[in-house]
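Novice: Could you work out the structure for the sequence below:
(one chain, ligands or ions: 1)
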Amino acid sequence: MHLLDIIKHSLESCFLFRNKLFKTILYEIFYRYKYPKSNHFFKPPDNYPAAYYFIYKISKFINKKKISAIVDLGCGSGRLTNFLSDQTEAKIYGYEIDNESYQIAKENKNHDVKIFNTNIVDIDFKSLEAECFIFNGPLYRSEHRSDFEKLINSIHDCKKKLSKKYYIIGINLDEDKRHNAEDRNYIFNNKNLLKIVVAGPNKKVKFFEYDPKDF
Ligand SMILES: C[S@@+](CC[C@H](N)C(=O)[O-])C[C@H]1O[C@@H](n2cnc3c(N)ncnc32)[C@H](O)[C@@H]1O
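Specialist: Presented below is the predicted three-dimensional model:
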């Protein structure tokens, strides 16, 4: 990214995270300094890493729920995967379609993180023991809608046969006209919504809990 794009993106982010601006900036400075390796890599239009403020909240949730294995669906260059491997006891799996982002994530990954250069629609969830699926922005346009539905339904199909609760964490699921992003809330049921962290009108993290007994 060019310097001008970085300045524009930073100013825009300040506006978007306005409800939690102080915390967002503070966490960003602190953790960028603590985890310098791949974390500054952005690749428009698709690879915008999650804010550290959100990632921190996700790590707290994972520790509280004692979640043992996590999948980052579209892991970009590995900001979230490395943070969670450091701050939680969980096994971490990251899947990324873009080859450049995948290479960076792979080269910089912590030893206990597994990174795959795979389309998330092709993941065989049956062979994964994951209990938590993190979704930050892939499959956001109208042409991706059927793949998005296939993905979420295949997670449910595989997990509902088991007896354990599982979690889907959705980052920025709201419509976003700047990126032609469609609303992605509709597939998640409000009764499963455990918690929501809000940093701005369409900067939110939603934590959904599913109990196979409910299917
Ligand atoms: C907004 S970034 C999120 C990165 C990281 N998960 C985070 O939260 O910091 C979304 C990533 O999903 C990837 N992606 C988009 N469609 C994908 C697909 N079908 N399969 C795998 N990765 C995909 C993009 O290349 C991008 O790196």
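
Novice: What's the nearest residue in the chain when you look at the ligand?
Specialist: residue 74 (2.3 Å; Cβ to the nearest ligand atom). Bear in mind the C-beta positions are built from the backbone N, C-alpha and C, glycine included.

Novice: That residue contacts residue 120, correct?
Specialist: Yes: with contacts counted by Cβ atoms under 8 Å, residue 74 reaches residue 120, the gap being 6.1 Å.

Novice: which residues do the two both contact?
Specialist: Residues touching both residue 74 and residue 120 by Cβ atoms under 8 Å, 6 or more residues apart in numbering: 95, 97, 138.

Novice: what's near enough to touch the residue of the chain closest to the ligand?
Specialist: With contact set as Cβ under 8 Å, 6+ apart, residue 74 has these partners: 46, 95-97, 120, 135-138.

Novice: now swap in residue 154 and tell me
Specialist: Neighbours of residue 154 in contact, by Cβ under 8 Å, 6+ apart: 123, 125.

Novice: Quick check: it is in a helix.
Specialist: Yes: applying DSSP: H, G, I helix; E, B strand; the rest coil, one finds residue 154 inside a helix.

Novice: pLDDT value on it, please?
Specialist: Note for residue 154: predicted pLDDT of 95.

Novice: Where does the closest residue to residue 189 other than its chain neighbours fall, secondary structure wise?
Specialist: Sequence neighbours aside, residue 208 is the residue nearest to residue 189 in space, at 7.7 Å (criterion: Cβ to Cβ, 6 or more residues apart in numbering). Assigned by DSSP states H and E, residue 208 belongs to strand 203-210.

Novice: Now do residue 168: how many residues are near it, please.
Specialist: Residues lying near residue 168 (other Cβ atoms under 10 Å) number 22.

Novice: Would you check that it makes contact with residue 193?
Specialist: No: using Cβ under 8 Å, residue 168 is not in contact with residue 193, being 10.2 Å away.

Novice: Quick check: neighbours shared by these two?
Specialist: Common neighbours of residue 168 and residue 193 (Cβ under 8 Å, 6+ apart) are residue 208.
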